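# Provided below are the primary sequence and the corresponding predicted coordinates.
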Amino acid sequence: MFTSRTLAAKQKPTQELVNIESTTKRRTNMAEFLSLHDAVARYVEDGATVAMEGFTHLIPFAAGHEVIRQRKRDLTLIRMTPDLVYDQLIGAGCVKKLIFSWGGNPGVGSLHRLRDAVEKGWPHKIEIHEHSHAAMACAFEAGAAGLPLAVLRGYVGSELPNVNDQIKFIECPFTGERLAAVPSVRPDVSIVHAQKADRKGNVLVEGIIGVQKEAVLAAKYSIVTVEEIVDDLMTLPDYHPNACVIPGWAISAIAVAEKGSYPSYAHGYYPRDNRFYKEWDTIARDREVFTQWLEENVYNAGGQS
């Protein structure tokens, strides 16, 4: 029987709907153009969960350095392949937890600041949750869809489930197949770097595309740093609509950061500095050498306004 109580129950929003509505309202606002300093100051709070994505290239180093300069603390960092930027953030004391896949210096060896924190607690102990690349990508996709978990075929024969309690196994209710499950990724703020944005806030990503789109859509807030801002992406002579990976309605702030992904590369703008990646192995091995490098190249380098 349809009663007034039934009607009231139907009209009462669930918490899930409230969350969706608040997210929708937030994302209907256009991206705001800010300095990198102001964007980080506004959206990256102490204790926040932060994802900085960009696979192989377009790694947001400038944003990571701004987080260090502002001495943010107790962050949970999320990333597929932490790369040097997370090694620097860990060594600077910004991090309490790391959720990641494959933690190394690509093509060189270990991330020594990460190892020092895990093995010897310097500058302090950090909690780690290591996943496979596939699981991380699925977790970002699930977060972007508003789902609580991601399901995948994976971790067969792997020892990661023995050391990561965030990896579970479930039975498919339709086939009975044993599948892996991991929590979805829902950052407080996601930070990515890209080649261009236009005045409407649309972002152009060219070259290798990782999980930038999913990271932005999964987050409460997002910061995009770009090499340059143009009036309208659609009027560019070489514009391809499929390269507009991130729409303006999904972005909180856009900041210009020239060479913002250096020493990684930005397709079409500058190459990867392979020599620095090799030099980092020596810099990061020694605490005093690392601290001096941080002082000279991050704290005293200033930011991009």
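Here it is on my side, so go on. Values in this document were obtained by computation on a predicted structure and should not be read as measured data. Numbering: from 1, shown residues only.

# which stretches of the stretch 201-305 of the chain have low pLDDT?
Across the stretch 201-305 of the chain, the ranges flagged by pLDDT under 70 are 303-305.

# could you rerun that using 50?
305 (pLDDT under 50).

# quick one, strands of it?
Secondary structure of the stretch 201-305 of the chain by DSSP state E, counting those that start in this stretch: the strands cover 203-204, 221-230, 253-256.

# to residue 240, which of the ones you listed lies closest?
Residue 240 lies closest to strand 203-204 among the strands of the stretch 201-305 of the chain, at 8.7 Å (C-beta to C-beta). Every residue, glycine included, has its C-beta placed from N, CA and C.

# contacts only, for residue 49.
75, 76, 78, 186, 187, 188, 189 (C-beta atoms under 8 Å, 6 or more residues apart in numbering).

# selection in PyMOL covering whichever of those residues are buried, please.
Selection of buried members from these for PyMOL, criterion 16 or more other C-beta atoms under 10 Å:
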select buried, resi 75+76+78+186+187+188+189
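
# for residue 113, which of the strands of the stretch 201-305 of the chain is the nearest?
strand 221-230 (22.6 Å).

# returning to that earlier point: closest to residue 120 out of the strands of the stretch 201-305 of the chain?
strand 221-230 (32.2 Å).

# packing partners for the closest one?
helix 36-43, helix 61-69, strand 189-198, helix 212-218, strand 253-256 (3 or more C-beta pairs under 8 Å, 6 or more residues apart in numbering; DSSP states H and E).

# tell me the most buried of these?
Ranked by mean neighbour count, the helices and strands packed on strand 221-230 are led by strand 189-198 with a mean of 26 (mean count of other C-beta atoms under 10 Å).

# ok, back up a step: format the contacts of residue 49 as TSV; extra columns: secondary structure and pLDDT.
Below are the contacts of residue 49 laid out as TSV (DSSP: H, G, I helix; E, B strand; the rest coil; pLDDT from 0 to 100):
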residue	secondary structure	pLDDT
75	strand	99
76	strand	99
78	strand	99
186	coil	98
187	coil	99
188	coil	99
189	strand	99
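
# what's the farthest-apart pair in the contacts of residue 49?
Between any two of those (C-beta to C-beta), the greatest distance is 15.0 Å, for 75 and 186.

# which residue sits closest to residue 40, ignoring its sequence neighbours?
residue 66 (4.6 Å; C-beta to C-beta, 6 or more residues apart in numbering).

# that neighbour reaches residue 37, doesn't it?
Yes: contact criterion C-beta atoms under 8 Å: residue 66 and residue 37 qualify, at 6.2 Å.

# closest one to residue 146 among the helices and strands packed on strand 221-230?
Of those, nearest to residue 146 by C-beta to C-beta is helix 212-218, at 8.5 Å.

# helices or strands up against the closest one?
strand 49-53, helix 133-144, strand 189-198, strand 221-230.

# now flag whichever of the contacts of residue 49 is closest to residue 213.
residue 187 (13.5 Å).

# against residue 139, how distant is the closest one?
11 Å (C-beta to C-beta, to the nearest Å).

# returning to that earlier point: now for the helices and strands packed on helix 212-218, which one comes closest to residue 107?
Of those, the one closest to residue 107 (C-beta to C-beta) turns out to be helix 133-144, at 16.4 Å.

# what angle separates that closest one from strand 189-198?
80 degrees (axes from the mean of the first three to the mean of the last three C-alpha atoms, to 10 degrees).

# which parts of the helix or strand following helix 133-144 are buried?
Next along the chain after helix 133-144, taking DSSP states H and E as the criterion, comes strand 149-152. For strand 149-152, the neighbour count (16+ other C-beta under 10 Å) marks 150, 152 as buried.

# that older thread, would a markdown table of the helices and strands packed on helix 212-218 with distance to residue 90 be doable?
Converted to a markdown table, the helices and strands packed on helix 212-218 look like this (distance: least, C-beta to C-beta, whole Å):
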| stretch | distance to residue 90 |
| --- | --- |
| strand 49-53 | 13 |
| helix 133-144 | 18 |
| strand 189-198 | 16 |
| strand 221-230 | 20 |
